[in-house]
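*Asks:* I'll drop the sequence and a predicted model, then ask my questions.
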Amino acid sequence: MMILINWMLSISLVVDIGLIVLWQSGIDIRRARQEAMTSTPDGRHREVDRP
């Protein structure tokens, strides 16, 4: 019984850590995509009003 509980706790811990990592990288991907959308074709960034 302890082995089953230990196994379930380990799997849930790994899944939680993975979801947190994906959540954090998702924020970075959105920020990079927004910066790419606001840059001009020659590579310079233009100012964008942010809320």
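*Replies:* Yep, that arrived. Numbers count the residues shown, from 1 in each chain.

*Asks:* can you count the residues close to residue 2?
*Replies:* Neighbours of residue 2 under the rule other Cβ atoms under 10 Å: 6. Just so you know, the C-beta spots here come from the backbone N, C-alpha and C atoms, and that holds for glycine as well.

*Asks:* that one and residue 16, how far apart?
*Replies:* Taking Cβ to Cβ, to the nearest Å as the measure, residue 2 falls 21 Å from residue 16.

*Asks:* cool, residue 23 as well?
*Replies:* When residue 23 is compared with residue 16 (using Cβ to Cβ), they lie 11 Å apart.

*Asks:* could you do residue 32 as well?
*Replies:* On the measure of Cβ to Cβ, residue 32 and residue 16 end up 25 Å apart.

*Asks:* again, but for residue 7
*Replies:* 15 Å.

*Asks:* and stretch 17-31, how far out from the chain's middle?
*Replies:* Put simply, stretch 17-31 sits 1 Å off its chain's centre (Cα atoms, centre = their mean, to the nearest Å).
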